[in-house]
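Sequence below, structure please.
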Amino acid sequence: MKKKLVIIIGGEPEGTMLRRLMAEHDLDATAFGSGEEALRYFGLGEVPDLIVTDLHLPDMDGRRLCRLLRSWRYRPYHRVPIVVAVPRVTDELIATMVNEAGADALLPQPLDDKAFMRKVHGLLRNGRAHSAPRVLIVDDSRTLALLLKQAFDDRGYHADTAYDGRQALDRLNERSYDWVVLDYHLPDMRGDTIAALIGEKWPRTIVIVMTADSRPDLACHCLQKGAAAFLQKPFDLAVLLELCSTTREPSNHQ
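This is a model prediction of the structure:
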């Protein structure tokens, strides 16, 4: 029977200690000293059963690594659980790492071997507790909304649709979304109004406004109301997908 593969990302001597611990529990482990090193390995197509990473890596923040692995670029890794070793667990860190970045567990350093391995075995046995990244598409054109839904579904997202502002707000009250992609002109309200409401009630949700309206000041207006990005219709689907990925990634200095 093939051993479960665990990827360890972080510095020494923790990497050596974790590899030894995995071997004691009959698990196969490969260690990388940096996020970029691990991402190059993932680019070769090898999908592990579990990823264990430090929060502070020499070349990137652990938040960025998690967000990258949960983006559409790394769709095969969406089902792989991620454990993040942190200096200490706080409510704020849980919110950003688990709810936003897509980590599955935070464990304080120095790691308690028994507690750590209980978490490892639980994740290997049960898989991810979190669903795929969620996006809500809001457009009164059902044809376009369903086309966008299919594009997101094909790339590992969970996509829902709404056809007016009220329906969109009802969806948001029912469940959380990572992104809302909405048309500016809807039958019952404008996109800037919805963007402002989302910013007040669901501040962690990223809003992207799209429109065929060519007024030059509209993009600036929507960004001021809380949208993270603005797209002029018609647009390339790849541009929208890339926007969803980059608006979820922190900047280089974070």
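
So for the helix-or-strand element of the chain with minimal mean pLDDT, what gets flagged as buried?
Scoring the helices and strands of the chain by mean pLDDT, DSSP states H and E places helix 91-94 at the bottom, with a mean of 78. For helix 91-94, burial by neighbour count (16 or more other C-beta atoms under 10 Å) applies to Leu93. All C-beta spots, glycine's among them, are computed from the backbone N, C-alpha and C.

Parallel or antiparallel, which strands does whichever helix or strand comes after it pair with?
Where DSSP states H and E defines the elements, the next helix or strand beyond helix 91-94 is strand 105-108. Partners of strand 105-108 in the sheet, by DSSP bridges, are strand 82-86 (parallel).

which other residues reach the partner strand?
Contact with strand 82-86 is made by 10, 14, 50-55, 62, 66, 69, 93, 97, 102-109, 111, 116, 119-120, 123, as judged by C-beta atoms under 8 Å, 6 or more residues apart in numbering.

just the strands in the protein please.
For the chain, the strands defined by DSSP state E occupy 5-9, 28-32, 50-54, 82-86, 105-108, 134-138, 158-162, 179-183, 206-211, 229-232.

Could you export those as TSV, including mean neighbour count, distance to Phe152 and mean pLDDT?
Formatted as TSV, these follow (neighbours: other C-beta atoms under 10 Å; distance: least, C-beta to C-beta, whole Å; pLDDT from 0 to 100):
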stretch	mean neighbour count	distance to Phe152	mean pLDDT
strand 5-9	23	27	96
strand 28-32	18	30	95
strand 50-54	23	24	96
strand 82-86	23	22	93
strand 105-108	17	27	89
strand 134-138	24	5	93
strand 158-162	20	4	89
strand 179-183	26	9	95
strand 206-211	24	12	94
strand 229-232	18	14	91
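
I'd like those strands written out as a markdown table, with distance to Gln150 added.
Output for the strands of the chain, formatted as a markdown table (distance: least, C-beta to C-beta, whole Å):
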| stretch | distance to Gln150 |
| --- | --- |
| strand 5-9 | 32 |
| strand 28-32 | 35 |
| strand 50-54 | 29 |
| strand 82-86 | 28 |
| strand 105-108 | 33 |
| strand 134-138 | 10 |
| strand 158-162 | 8 |
| strand 179-183 | 13 |
| strand 206-211 | 16 |
| strand 229-232 | 18 |
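
I'd like to know which of those lies nearest to Cys220.
strand 229-232 (8.4 Å; C-beta to C-beta).

Can you list the strands that that closest one pairs with?
Assessed with DSSP bridges, strand 229-232 is paired to strand 206-211 (parallel).

Residues contacting the strand it pairs with, please?
Counting by C-beta under 8 Å, 6+ apart, 139, 178-185, 191-192, 194-195, 198-199, 218, 222, 226-233, 235, 240, 243-244, 247-248 sit against strand 206-211.

Just the buried residues of those.
139, 178-184, 191-192, 194-195, 198, 218, 222, 226-231, 240, 243-244, 248.

Asp183 against Ile137, yeah?
No. Contact criterion C-beta atoms under 8 Å: Asp183 and Ile137 do not qualify, at 9.2 Å.

Where does pLDDT dip in the stretch 101-250 of the chain?
129-132, 248-250 (pLDDT under 70).

Pretty sure Leu186 sits against Ser141.
No. Applying C-beta under 8 Å as the test, Leu186 and Ser141 come out as separate, 10.4 Å apart.
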